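Peer 1: the sequence isn't on hand, but the structure is:
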């Protein structure tokens with residue numbers, strides 16, 4: 001079975017890689033167990049009424065369309081391999097949220113888990 005990654009996904013993954021390299025600024029790869037927090041913000045559709053837009057921006061409604069949370073996590077975590085950590089198998093805790101905001105973007109926080 002052959003898998004094919006579409007051009008849009010490859011382009012997004014490349015962008016994540018570049019931004020991850022910039023964020024790491026030459027720092028060593030993280031090791032051990034890691035937690036990844038991902039917050040994806042989407043602008044409300046222009047067709048949304050002002051009342052619904054206000055509710056969306058107040059996090060009283062959420063974007064339920066594509067991309068799916070699991071697809072966001074897959075692209076982001078795969079893109080950070082060998083840039084932020086050795087392998088995404090180190091991610092043992094993962095949180096992904098999608099919500100509406102004034103501007104679109106994705107915030108990613110990667111942190112070691114304390115294992116004291």
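Peer 2: Nice, I can see it. Please read these numbers as outputs of a predicted model, since none were measured by experiment.
Peer 1: hey, let's count contacts and neighbours off CA atoms from now on
Peer 2: Will do.
Peer 1: so in this structure, which helix runs the longest?
Peer 2: Ranked by residue count and defined by DSSP state H, the top helix of the chain is helix 7-24.
Peer 1: centre of the chain versus it, how much separation?
Peer 2: With C-alpha atoms, centre = their mean, to the nearest Å as the basis, helix 7-24 stands 11 Å off its chain's centre.
Peer 1: for the protein, give me the ranges with low pLDDT.
Peer 2: Applying pLDDT under 70 to the predicted model, the residue ranges of the chain that meet it are 1-5, 115-116.
Peer 1: so the spatially most central residue of the chain, which of the three states?
Peer 2: Most central in the chain under C-alpha atoms, centre = their mean is residue 38, positioned 4.4 Å from the mean C-alpha point. When classified by DSSP: H, G, I helix; E, B strand; the rest coil, residue 38 comes out as strand.
Peer 1: what about the helices in this structure?
Peer 2: When assigned using DSSP H, the helices of the chain occupy the ranges 7-24, 50-57, 69-79.
Peer 1: kindly reformat the ones you listed as CSV containing distance to residue 109 and mean neighbour count.
Peer 2: Written out in CSV, the entries for the helices of the chain read as follows (distance: least, C-alpha to C-alpha, whole Å; neighbours: other C-alpha atoms under 10 Å):
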stretch, distance to residue 109, mean neighbour count
helix 7-24, 11, 14
helix 50-57, 22, 15
helix 69-79, 11, 18
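Peer 1: alright, that wraps it up for me.
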